[in-house]
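> the following block contains a protein sequence and its predicted model.
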Amino acid sequence: MLPVDSLSAAPRGTVSGEASRTGAFRPQDGVRPEAPRGEARPAPARVEVLSFSLYGMRFALPAAQVLDVMTVAGERWQKLLAMATNGTLGSSGLPLIRLSSRMGLVPAPSAEGGLALFGTGGKVRAAVLIDEVPTRQRAAVESMPASWRDRFSPCEDMIAGVALMADGLQAAMLDLPLGVVAPRPRTGVAPEHDTAHLLVRAGRAQLEAVRVATLRGATPLDEMPGIAVLPSPRRGRRMMLEFGGEGDVIAVDEVVGLAPAGRIERVGSLRFLATATGRYRLLEPGGTQPGRTRPMRVLVTAPDGAARTGLRDLVRSMGHDVSLADDPRAARLAGGRFDTVLFDLDAYADVRAEGVATPDGARRIGLCAGAQPRAPRGFDGVVPAGDPVALVLALLRRPGRAG
């Protein structure tokens, strides 16, 4: 089956500042949401808010759980922006987000902004960077007409209402569906399973995300029997992705790369991967959530060090169970206990030259940083070291096909 476009033409994912300005919500001065005819308008609730502007649009955040707001400028501001890309406020362990990025906007360069500290009971729980220093105001909050909401794409799901300021200005009231004021969950030493997503193009201008652990196969279209592929400058990059569960398939024009780490959020019947750099709709066949495929048992054979640790974390994030070895004999002897053996061919020249002659049924995939050699004897293929997409696709390929 091919993907069906079930969204409106509003842009999704990260959008440029210019696009956000042209699609901005700009109600006429003095216009307020109208109550249905024949019904009395309820008195709006008055709350304290943080008011600020982004790209000429006025926004507000509820201030009930804001413990402090600080103005930050210069080098310190730039350091905080760098920390926000990693999602953590330095060594404090506090979650840190940049609000404009969370909204799916491309932030404009800025020399200063506001650092808002969220928390409860006097204890800071999270921090948010705002590209304009916000001001505290009292505002009356009313519901937003449904007809206005789509003017805020790609952050329409974050709009909780309309804030009516004392000076007559209106602002879109934001809600952060991140649990940003909740305590950060404790994480163990081991990296988290099943968090990796591929970014793909599938007939849309905006990138979409595919959860790696739901895939059970990926085949270039020009290798599919009975399918004629028209000439294209991207020939060989168009893929047929096969999902678990019902075994649905979706053709994608291009696998672009590995998505930044993020979390899954729901908007109506759709789900999105929200990251520090943007939001991406999850590509799910038929609007359903495909089940997770059976994890593989993977042995990573490489010298101890940062490269092996990074490879372990990547494979775990795909949803697989990972073991480590630094003895090259593991490629010959351990295959019966594992479904796949990943092997550093740069570190072990003898295996690269001689290959492995153990018919144990395990797939062996070599990793090489330099010029890609032919697959050694007993190996299914060789992929470039440091190329996560190539590794994902190699693990998804059917056994017996050339890499």
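That came through fine. Numbering: from 1, shown residues only.
> secondary structure element for residue 251?
If you go by DSSP states H and E, residue 251 is part of strand 249-252.
> pull the CA atoms of the helix or strand following that strand into PDB?
Scanning forward in sequence from strand 249-252 by DSSP H and E, the next helix or strand is strand 254-258. The C-alpha coordinates for strand 254-258 follow below in PDB (Å, rounded to 0.1, in the frame of the first residue of the first chain):
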ATOM      1  CA  GLU A 254      14.300   8.700   0.300                       C
ATOM      2  CA  VAL A 255      15.700   7.700   3.600                       C
ATOM      3  CA  VAL A 256      17.300  10.900   4.700                       C
ATOM      4  CA  GLY A 257      18.900  10.100   8.000                       C
ATOM      5  CA  LEU A 258      18.500   9.200  11.700                       C
END
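> for strand 254-258, give me every contacting residue.
196-201, 207, 218, 234, 237-239, 388-389, 392-393 (CB atoms under 8 Å, 6 or more residues apart in numbering). Every C-beta, even on glycine, is put in place using the N, C-alpha and C of the backbone.
> and those, which two are furthest apart?
196 and 234 (22.9 Å; CB to CB).
> of those two, who's got more company?
Counted by other CB atoms under 10 Å, residue 196 and residue 234 do not tie: residue 196 has more neighbours, with 23 against 9.
> and that one, how far is that from residue 311?
Computed as CB to CB, to the nearest Å, the residue 196 to residue 311 distance reads 13 Å.
> list the buried residues for the helix or strand hosting residue 393?
Assigning secondary structure by DSSP H and E places residue 393 in helix 388-396. Buried residues in helix 388-396, counting neighbours by 16 or more other CB atoms under 10 Å, are found at 388, 390, 391, 392, 393, 394, 395, 396.
> closest to residue 64 out of these?
Closest approach to residue 64 among these (CB to CB): residue 388, at 41.4 Å.
> wait, isn't the closest one in contact with residue 314?
Yes. Using CB atoms under 8 Å, residue 388 is in contact with residue 314, at 5.7 Å.
> next, the angle strand 254-258 makes with the helix holding residue 393.
Between helix 388-396 and strand 254-258, the angle comes out at 110 degrees (axes from the mean of the first three to the mean of the last three CA atoms, to 10 degrees).
> hmm, who's touching helix 388-396?
Here helix 388-396 makes contact (CB under 8 Å, 6+ apart) with 196, 198, 212, 215-218, 239, 255, 257-258, 296, 298, 314-315, 318, 320, 340, 342, 365, 367, 380-381, 383-384, 403.
> if we go to 7 Å?
If you take CB atoms under 7 Å, 6 or more residues apart in numbering as the criterion, helix 388-396 is touched by 198, 212, 215, 217-218, 255, 257-258, 314, 318, 340, 365, 381, 383-384, 403.
> related to what we said a few turns ago, out of the contacts of strand 254-258, who's nearest residue 64?
residue 197 (33.6 Å).
> neighbours of that closest one, how many?
Per other CB under 10 Å, the neighbour tally for residue 197 reads 25.
> distance of it from residue 100?
From residue 197 across to residue 100, the span is 22 Å (CB to CB).
> do residue 62 as well
On the measure of CB to CB, residue 62 and residue 100 end up 18 Å apart.
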